[in-house]
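Undergrad: model this:
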Amino acid sequence: MTFTTRPTLRGTFGMVSSTHWLASQSAMRILELGGNAFDAAVAAGFVLHVVEPHLNGPGGEVPAIVATADDPTPRVLCGQGVAPAGATIEHYRSLGLTLVPGSGPLAATVPGAVDAWLLLLRDHGTLSLRVVLELAIDYARNGHPLVPRVGDTVSTVQELFEQHWPTSAALWLQDGRPPAGRFRNEAYAATLEKLVTEGEAAGADRQVQIEQARKTWREGFVAEAVDKFSRLPHRDSSGENHGGLITGDDMAAFQASWEEPATVDWNGYTVAKTGPWGQGPGLLQSLAVLSELGDVDLDSAEGVHTTVEVMKLSYADREAWYGDGADVPLKTLLSPAYAAERAKLIGPDASLELRPGHPDGRRPVLPSIAVGNDLGDATTGEPTVSSGGVTRGDTCHVDVIDRWGNIISATPSGGWLQSSPTIPELGFCLGSRAQMFWLEEGLPASLAPGRRPRTTLTPTLVLRDGQPVMACGSPGGDQQDQWQLLFLLRHLGSGMDLQEAIDAPAWHTTGFPSSFYPRTTEPGGLVIESRVGAAVRDELARRGHVVTEGEAWSLGRLCAVRKEPDGVLAAAANPRGMQGYAVGR
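TA: Model prediction:
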């Protein structure tokens, strides 16, 4: 028997995997009450806002991919907010900025997560708004045990809070110290309670209640508070004070939506991702190229080298072609012919270049790449935050599958406690996803009002013979699809069990422009867990990779649930970080 850090859970009733045990168990409670996978995921999503406030929040966003028991066709739930109406390149340039700041009000897109979770509940859930939100309300009002990382994050930005963000200091500092132990956010509890009560006042029908809660969020007291607070000048990562751009009109105009996924067939499976407004199709491109190259041995230097070089090519195309509102040649990018063309570029040595392709004969256009990095050690694999509030890779994930066959993969993120000053009446802050726009004209990810940033958030749904069999995903910013690629190769390619594939050593490349401020790139960069042997690391260095040895259990944050061929449900969760858990029966 292969040793794993935890067992792969198996049962027949329902399975949940998330990045925090309280979210996982909250979702399981909803299943036990008779709710379905979507009720459970919404409950987990709101609990994650409370218990992982350094990783996501109500002011952030959530993309998800779902399939229902009635219709196995995967659908994307887009809860990625857009740039405000006033967010033009000219405005930022007039402030002397060449990059969107990584923190502060100017970095905010319109909050998308809450509306998306409520849309999911309306369209595919079965339980009432109050039942689904009651656990999040209870944890916010009566307290929950903070994971140590929250206090560590607050400690990092304590000076910023004390000197420039007093409303954040009021919530997150206790007698001048970072929070520890049992923590309450009564303002956010009141916000959620008011959404529920205003929904209930609209009538007895659950869908009517949910729609009223959505309207209250977009047009009522939440939008009013955001409009009033967001434009107040606050210090951001540029070192200057700037006001934000989100207005009540921006809040009212945004609604989450349903979309078709991008898909590719690989190794007998169909893998579904978001469209190219996210980085998800990059995983699909990587799988397509690997199909052309044949089997890879991930325990060898050759296997590590091959996956890294394939990832570099996919991420180069991400930079050149992906973006909301852009003319993305996605059909060609995912085609076998294009994959074969790209596979020919994989040589025996590491490439130090950013090499986007020429789909349909088109010329790629790349941004001027920023340099400089004050974010600390990129090898940790943990969320990284600077003293200026700049954050890279902070995200959550939740997967749920129920006994009826409903399944969801969701990656909530943004609205981190350290991303923007707390709005005191609401108990949360705005996000900073606008930092993923470029302040250059003519790029697929150039800033424009009403446009979605080219996000790193990338849930995954896997089908076989047209039926959904697995949901998975990972936090990790630019690394999300890199770590998921290794997981899919091991589990669906090599037959490893779920937990075994999650536990296996991980690596990623940094040889492309970061999606996060200050948009650095590290040509040839390869971060790899020390559990990969010295002989393999030495061979990779000989091939020209700029190898950084990470700690033994530092890279990767995978969650996964699946339906096995005999109908048994399974789940596994990442042990790294010591807070993700799977539950089920």
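Undergrad: Surely Leu485 touches Ser286?
TA: Yes - at 5.3 Å, Leu485 counts as touching Ser286 under the criterion of CB atoms under 8 Å. Where C-beta positions appear, they are placed from N, C-alpha and C, glycine not excepted.
Undergrad: Who has more neighbours out of the two?
TA: Neighbour totals were compared for Leu485 and Ser286, and Ser286 leads with 27 against 20 (other CB atoms under 10 Å).
Undergrad: Do I have it right that the more buried one meets Leu486?
TA: No - if you go by CB under 8 Å, Ser286 and Leu486 don't touch, sitting 10.2 Å apart.
Undergrad: overlap in contacts of these two?
TA: Shared contacts of Ser286 and Leu486 (CB atoms under 8 Å, 6 or more residues apart in numbering): Thr307.
Undergrad: Check this protein for its longest helix and report it.
TA: helix 301-321 (DSSP state H).
Undergrad: by contact count, what packs against it?
TA: helix 281-293, helix 480-488, strand 507-509, strand 525-529, helix 534-542 (3 or more CB pairs under 8 Å, 6 or more residues apart in numbering; DSSP states H and E).
Undergrad: how about 7 Å then?
TA: helix 281-293, helix 480-488, strand 507-509, helix 534-542 (3 or more CB pairs under 7 Å, 6 or more residues apart in numbering; DSSP states H and E).
Undergrad: got a list of contacts for the third one?
TA: Around strand 507-509, the neighbours that count as contacts under CB atoms under 7 Å, 6 or more residues apart in numbering are 304, 308, 311-312, 479, 482-483, 525-529, 532, 555.
Undergrad: What pairs with that strand, parallel or antiparallel?
TA: Within its sheet, strand 507-509 is paired with strand 525-529 (antiparallel), according to DSSP bridges.
Undergrad: quick one, the partner strand and helix 480-488 angle?
TA: 50 degrees (axes from the mean of the first three to the mean of the last three CA atoms, to 10 degrees).
Undergrad: Identify the residues contacting strand 525-529?
TA: So strand 525-529 is in contact with 308, 378-379, 505-511, 537, 540, 545-550, 552, 554-555, going by CB under 7 Å, 6+ apart.
Undergrad: Only whichever of the residues you listed are buried, select them in ChimeraX.
TA: Provided next is the ChimeraX selection string for whichever of those are buried by 16 or more other CB atoms under 10 Å:
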select :308,378,379,505,506,507,508,509,510,511,537,540,545,546,547,548,550,554,555
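Undergrad: where does the stretch 301-450 of the chain dip in pLDDT?
TA: Applying pLDDT under 70 to the stretch 301-450 of the chain flags residues 370-393.
Undergrad: Show me where it has its strands.
TA: Taking DSSP state E, counting those that start in this stretch, the strands of the stretch 301-450 of the chain run over residues 384-385, 391-392, 398-402, 407-410, 422-423, 428-429.
Undergrad: out of those, nearest to Ser128?
TA: strand 398-402 (17.8 Å; CB to CB).
Undergrad: Counting by contacts, list what the closest one packs against.
TA: Packed next to strand 398-402, using 3+ CB pairs under 7 Å, 6+ apart, are strand 14-18, helix 21-32, helix 37-51, strand 407-410, strand 467-473, strand 559-563.
Undergrad: between the ones you listed, which gets nearest to Ile369?
TA: strand 467-473 (27.8 Å).
Undergrad: ok, the residue nearest the centre of the chain to Glu211 distance?
TA: The centroid of the chain falls nearest to Leu457 when counting by CA atoms, centre = their mean (3.4 Å). As judged by CB to CB, to the nearest Å, Leu457 and Glu211 stand 25 Å apart.
Undergrad: same question, Trp483
TA: Counting by CB to CB - Trp483 and Glu211 are separated by 37 Å.
Undergrad: These two - which one has more neighbours?
TA: Trp483 (23 against 17).
Undergrad: Now do that one, the pLDDT please.
TA: The confidence metric pLDDT takes the value 97 at Trp483.
Undergrad: The chain should start at 33 in everything you say after this.
TA: With the count now opening at 33, the last piece we talked about shows up as Trp515.
Undergrad: With adjacent residues omitted, what lies nearest to it?
TA: Gly588 (4.4 Å; CB to CB, 6 or more residues apart in numbering).
Undergrad: what's the spacing between the residue lying closest to Asp329 once chain neighbours are set aside and Val163?
TA: Nearest residue to Asp329 in three dimensions, chain neighbours excluded: Gly335, at 4.3 Å (CB to CB, 6+ apart). Distance of Gly335 to Val163, computed by CB to CB: 48 Å.
Undergrad: Name the residue in these two with the higher neighbour count.
TA: Per other CB under 10 Å, whichever of Gly335 and Val163 has more neighbours is Val163, with 19 against 16.
Undergrad: sorry, back to before: and the spatially closest residue to the residue nearest to the centre of the chain that is not a sequence neighbour, what is it in contact with?
TA: Of all residues not flanking Leu489 in the chain, Thr443 sits nearest, at 4.5 Å (CB to CB, 6+ apart). Contacts for Thr443 (CB under 7 Å, 6+ apart) come out as Val94, Pro95, Thr427, His429, Leu489, Thr490, Pro491, Gly505.
Undergrad: looking just at contacts, which helices and strands does whichever helix or strand the first one is part of meet?
TA: When secondary structure is defined by DSSP states H and E, Val94 falls within strand 94-99. With contacts defined as 3+ CB pairs under 7 Å, 6+ apart, the packing partners of strand 94-99 are strand 107-111, helix 145-156, strand 439-442.
Undergrad: from the middle of its chain, how far away would the following helix or strand past the longest one be?
TA: So the one you mean is helix 145-156. Moving toward the C-terminus from helix 145-156, the next helix or strand (DSSP H and E) is helix 161-174. Offset of helix 161-174 from its chain centre (CA atoms, centre = their mean, to the nearest Å): 23 Å.
Undergrad: so is Arg483 in a helix, a strand, or just coil?
TA: coil (DSSP: H, G, I helix; E, B strand; the rest coil).
Undergrad: Output the strands of the stretch 333-482 of the chain in CSV, with distance to Asp356 appended to each entry.
TA: Below are the strands of the stretch 333-482 of the chain laid out as CSV (distance: least, CB to CB, whole Å):
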stretch, distance to Asp356
strand 416-417, 26
strand 423-424, 21
strand 430-434, 24
strand 439-442, 19
strand 454-455, 26
strand 460-461, 23
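Undergrad: Compare these and give me the one nearest Met528.
TA: Across the strands of the stretch 333-482 of the chain, closest to Met528 is strand 430-434 (CB to CB), at 17.5 Å.
Undergrad: how far off strand 94-99 does the closest one point, in degrees?
TA: 20 degrees.
Undergrad: Would you give the sheet partners of strand 430-434, along with the direction of each?
TA: Here strand 430-434 has these sheet partners by DSSP bridges: strand 46-50 (antiparallel), strand 439-442 (antiparallel).
Undergrad: want to throw those into a markdown table with distance to Ala99 and mean neighbour count?
TA: Below are these laid out as a markdown table (distance: least, CB to CB, whole Å; neighbours: other CB atoms under 10 Å):
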| stretch | distance to Ala99 | mean neighbour count |
| --- | --- | --- |
| strand 46-50 | 15 | 32 |
| strand 439-442 | 5 | 31 |
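Undergrad: for the ones you listed, which one sits closest to Glu291?
TA: Among the strands paired with strand 430-434, strand 439-442 sits nearest to Glu291 (CB to CB), with 14.4 Å.
Undergrad: which residues are contacting the closest one?
TA: With CB under 7 Å, 6+ apart, strand 439-442 has contacts from 69-70, 73, 77, 94, 96-99, 430-433, 491-493, 500, 503-505.
Undergrad: Please spell out the ChimeraX selection for the buried subset of the residues you listed.
TA: Selecting only the buried entries of these in ChimeraX, with 16+ other CB under 10 Å as the criterion:
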select :69,70,73,77,94,96,97,98,99,430,431,432,433,491,492,493,500,503,504,505
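Undergrad: Report the beta-bridge partners for Arg496.
TA: Gln499.
Undergrad: Surely it touches Asn299?
TA: No - with contacts counted by CB atoms under 7 Å, Arg496 stays clear of Asn299, the gap being 9.9 Å.
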